[in-house]
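A.B. asks: Structure, please.
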Amino acid sequence: MKALLVGSSKADPQPIERLLRDQCSDVTVVPALEVAAASSAGTGIAVLVSSEDEQDFASIMAACRALRSAADGGPVVLALAATPEHVEVLCDEGVDDFMLWPGNESLFTSRVGLLFRRVAQRKKDAVRAAMLGDALRHAERSEQRFRHLAESSTEILARFSPGGVRLYISPACRTVLGYEPDELLGSSILDILHPSDVSKLLEALGALDAGAQVAGAIIRLQRKDGEYAWLETISRPVRDPRTDVIEELVTVSRDITQMIHAEQEKLEAEARLAVIDAIPDPLSVEDDTGRITIANRAFCALLGRSREEVLGQSADALKPAPKGGRPDRWPQTGDEREVTLTAPDGSRRVLAEKRALLAVRKEERLLVSVLRDITEQRQREAEARLATAAALSAGVSHEINNPLSYLIGNIKFVAEALGATKSADVAKALEEAASGAKRIATIVRDMRILGEASRGTPARTNIKRVVEAAVLLTSGAIETRARLSSEVADVPLVAGEPARVALALVDVLLRTVRALPEGDPKANEVRVVLAPAGEDMVCLEVSGSGRGAEPGAEAGLSLSESIVSAHGGRIDVESAPGRGTRLRLMFPVAG
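C.D. replies: Numbering: from 1, shown residues only. The predicted structure follows:
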């Protein structure tokens, strides 16, 4: 350690120098008049030696002031004065220690040793002070960074005492909880914690007490408006480095209220969907724009589409239309109607649709539609009607056949008996009666086809004869609405029971004519064409056309379609507004 010895002009510093060098190898001797603030740079201790002379003492005083004005505070100063008065003045100048000199050398040596230790301690204190200053500045910067981060974050950052009292909370609490930070400072977290979540908080605190470095929980805090906000909270402890005791808790809380509500709404929607999926009948709901917002599994299966392909689509494009177009899509009350639909497997289905209008809000309406497949019911009803007609036709033809035979025979007998004697009018009358009787016989014969069974195995049908019979039986109904034209070619026998094939043809012809508008029969036409379709098929084409003709003949074809498909055939439909409907019945040639 360095020492500085400052002597006045009339003082003798040599004894002091010798004593200093015994304790310090680096001793610099400087006259009092040459001492400046820079002279003490790096010096640990300065010894000032003066004489009794007042002018000489004044130079020592000046040297003392110079040392005290050093930028680093100067060295530790030991003043050796010749009189008590000089000692008092030096003390007023702030010297660190003093002695009367000449004096006891042992005492001087002790004083110097103590001052060197004081210098060493001062250096240690300076190092500690510098370290403490750095730590405080670092802590201040950390605190500033923490507050800057906290105040700019959308998440709530908070500090709590070990007992759960808020020491700090970031401004994000305004947005999430509706409180000002000052309103929550000093309060306990339990004050606004949902009672059901207390156990979650205690569990997290228990984990931190057990040594965990982080603990998380999803809790609810009550907002200022009384509602609860869902928060995902992560807690970290601040521990005393010596005792490892928790001094503070720092928490970061993220608002997940919207996410929780969205999950709850999703679960509720899935529950509602499970309920409507349990309904066996196809169900759908349309919004104000006519788009489907809800569809159960049965409805999607009916269309052969996934739920994703159905939702949001136009109901007019997906749902089957009733005969005659769509009525008011917003019925004032519930209504029920029949519609037809081509199923994914190509079959034609008849459906009963029930619709109900729901007023959800003042200006929002929903249309609920429930479809029920009545295809088999309509088939059974149609088959029952046609079976009744077949039985009636067979009975009527049987009852008419016997008297008709008498009538035809008697007409022939009368004509032969009169011979050439009959007049022209009588001859004409007999001829017309015979012609009418033969027509009745033809009708009776064709009616019997409805109850006729095939004699072959497998069943086969002369479809040309069946077509001619069906046209004859329905000609009366057709001619009330349209002109009838036919083109029947010779074709091979087809597979199928004659009676059932005839029933299908009669059903198709009657539905075709009912689809035509009433009015002038000359304005409409029903055309029947029978022709081969390749080597293995026979095609019967039935079309209805005319002014204002609308699609509709295909409605309710389930019976005919089931009969034709049962014999290995199919029905193809072409419909166009204003042009009517064309049906092609394809029958396989009998093997």
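
A.B. asks: Determine the longest strand present in the protein.
C.D. replies: strand 348-361 (DSSP state E).

A.B. asks: between the helix or strand that it is followed by and strand 348-361, how many degrees?
C.D. replies: Sequence order places strand 364-373 as the next helix or strand after strand 348-361, per DSSP states H and E. Between strand 364-373 and strand 348-361, the angle comes out at 160 degrees (axes from the mean of the first three to the mean of the last three C-alpha atoms, to 10 degrees).

A.B. asks: Remind me what the next helix or strand after strand 364-373 packs against, helices and strands.
C.D. replies: Later in the chain than strand 364-373, the nearest helix or strand by DSSP H and E is helix 375-418. When contacts are defined as 3 or more C-beta pairs under 8 Å, 6 or more residues apart in numbering; DSSP states H and E, helix 375-418 sits against strand 348-361, helix 424-449, helix 498-514, helix 558-566. No exception for glycine: its C-beta is placed from N, CA and C like everyone else's.

A.B. asks: Indicate which one of the ones you listed is closest to residue 459.
C.D. replies: Proximity to residue 459 (C-beta to C-beta) singles out helix 498-514 among the helices and strands packed on helix 375-418, at 7.9 Å.

A.B. asks: Which neighbouring elements make contact with the closest one?
C.D. replies: helix 375-418, helix 424-449, helix 463-479, strand 524-533, strand 537-546, helix 558-566, strand 580-588.

A.B. asks: If we use 10 Å, what do you get?
C.D. replies: Counting contacts by 3 or more C-beta pairs under 10 Å, 6 or more residues apart in numbering; DSSP states H and E, helix 498-514 is packed against helix 375-418, helix 424-449, strand 460-461, helix 463-479, strand 524-533, strand 537-546, helix 558-566, strand 580-588.

A.B. asks: ok, back up a step: what's the most buried one of the helices and strands packed on helix 375-418?
C.D. replies: Most buried of the helices and strands packed on helix 375-418, by mean neighbour count (mean count of other C-beta atoms under 10 Å): helix 498-514, with a mean of 24.

A.B. asks: all helices for the stretch 201-350 of the chain, in order.
C.D. replies: 257-277, 297-303, 307-310, 315-318 (DSSP state H, counting those that start in this stretch).

A.B. asks: do you know which of these lies nearest residue 419?
C.D. replies: Taking C-beta to C-beta, helix 297-303 is the member of those nearest to residue 419, at 73.6 Å.

A.B. asks: quick one on the thing from earlier: include mean pLDDT when you put the helices of the stretch 201-350 of the chain into a markdown table, please.
C.D. replies: Output for those, formatted as a markdown table (pLDDT from 0 to 100):
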| stretch | mean pLDDT |
| --- | --- |
| helix 257-277 | 89 |
| helix 297-303 | 91 |
| helix 307-310 | 92 |
| helix 315-318 | 84 |
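
A.B. asks: wait, which of the ones you listed is closest to residue 59?
C.D. replies: Short answer: helix 257-277, nearest of the helices of the stretch 201-350 of the chain by C-beta to C-beta, at 82.2 Å.

A.B. asks: From the contact counts, what lies against the closest one?
C.D. replies: Using 3+ C-beta pairs under 10 Å, 6+ apart, helix 257-277 sits against strand 215-222, strand 228-239, strand 283-286, strand 292-295, helix 297-303.

A.B. asks: and residue 167, which of these is closest to it?
C.D. replies: Closest to residue 167 of the helices and strands packed on helix 257-277, according to C-beta to C-beta: strand 228-239, at 10.7 Å.

A.B. asks: pLDDT on that closest one, on average?
C.D. replies: Averaged across strand 228-239, pLDDT comes to 93.

A.B. asks: cool, stretch 543-553 as well?
C.D. replies: The average pLDDT within stretch 543-553 is 63.

A.B. asks: quick one: contacts for the nearest residue to residue 24 once chain neighbours are set aside?
C.D. replies: Closest residue to residue 24 apart from its sequence neighbours, by C-beta to C-beta, 6 or more residues apart in numbering: residue 3 at 4.5 Å. Residue 3 sits next to 17, 20-21, 23-29, 43-47, 75-76, 78, 112, 115-116, 119 when contact means C-beta atoms under 10 Å, 6 or more residues apart in numbering.

A.B. asks: Just give me how far stretch 287-295 sits from the chain centre.
C.D. replies: Centre-to-centre, stretch 287-295 and its host chain are 18 Å apart (C-alpha atoms, centre = their mean, to the nearest Å).

A.B. asks: and that stretch, what's its mean pLDDT?
C.D. replies: Across stretch 287-295, the average pLDDT comes to 89.

A.B. asks: Figure out the length between the terminal residues of that stretch.
C.D. replies: End-to-end distance of stretch 287-295: 12 Å, with C-alpha to C-alpha, to the nearest Å as the criterion.

A.B. asks: Ok, stretch 71-81 next?
C.D. replies: Taking C-alpha to C-alpha, stretch 71-81 runs 26 Å from one end to the other.

A.B. asks: Now do the buried residues in it.
C.D. replies: 74-81 (16 or more other C-beta atoms under 10 Å).

A.B. asks: Please work out the average pLDDT along that stretch.
C.D. replies: Computed over stretch 71-81, the mean pLDDT rounds to 81.

A.B. asks: got it, and stretch 467-483?
C.D. replies: 88.

A.B. asks: Kindly give a single PyMOL line that selects the buried subset of the contacts of residue 3.
C.D. replies: Buried members of the contacts of residue 3, defined by 16+ other C-beta under 10 Å, are picked up in PyMOL with:
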select buried, resi 17+20+27+29+43+44+45+46+47+75+76+78+112+115+116+119
